[in-house]
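K.L.:
Have a look; sequence and predicted model below, questions after that.
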Amino acid sequence: MLNFDWAKNLSETWAKVIVLMAFIAPLIFSLTMKKSYIYQGAGDKAWWRNLKLWVILIVGLQFIIYLFF
């Protein structure tokens, strides 16, 4: 189905770089969203409803995991 034979020639460092770049894409996407879209349909604008905060936290944790393991 999917052919990843090209990946067997990658070093571990380049594999980590590719995976970390895949985490950066949703981070950039979420950071460019307008606040009006993020809070659309929400009853209040509580800090914990801010998508940008949660994406930064989750992507940061994933970065740490992939950098060291």
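P.N.:
Received the coordinates, thanks.

K.L.:
Show me the shaky parts of the protein.
P.N.:
Counting by pLDDT under 70, the chain contains low-confidence residues at 1.

K.L.:
Could you pull out the strands in it for me?
P.N.:
Counting by DSSP state E, the chain has no strands at all.

K.L.:
In it, which helix is the longest?
P.N.:
Assignment by DSSP state H gives helix 12-31 as the longest helix of the chain.

K.L.:
List the buried residues of it.
P.N.:
Leu27, Ser30 (16 or more other Cβ atoms under 10 Å). Using the backbone N, CA and C atoms, a C-beta is placed for each residue, glycine as well.

K.L.:
middle-most residue in this structure, spatially?
P.N.:
For the chain, Phe23 is the residue whose C-alpha lies nearest the centre (Cα atoms, centre = their mean; 3.5 Å).

K.L.:
That residue and Gln62 touch, don't they?
P.N.:
Yes: using Cβ atoms under 8 Å, Phe23 is in contact with Gln62, at 5.4 Å.
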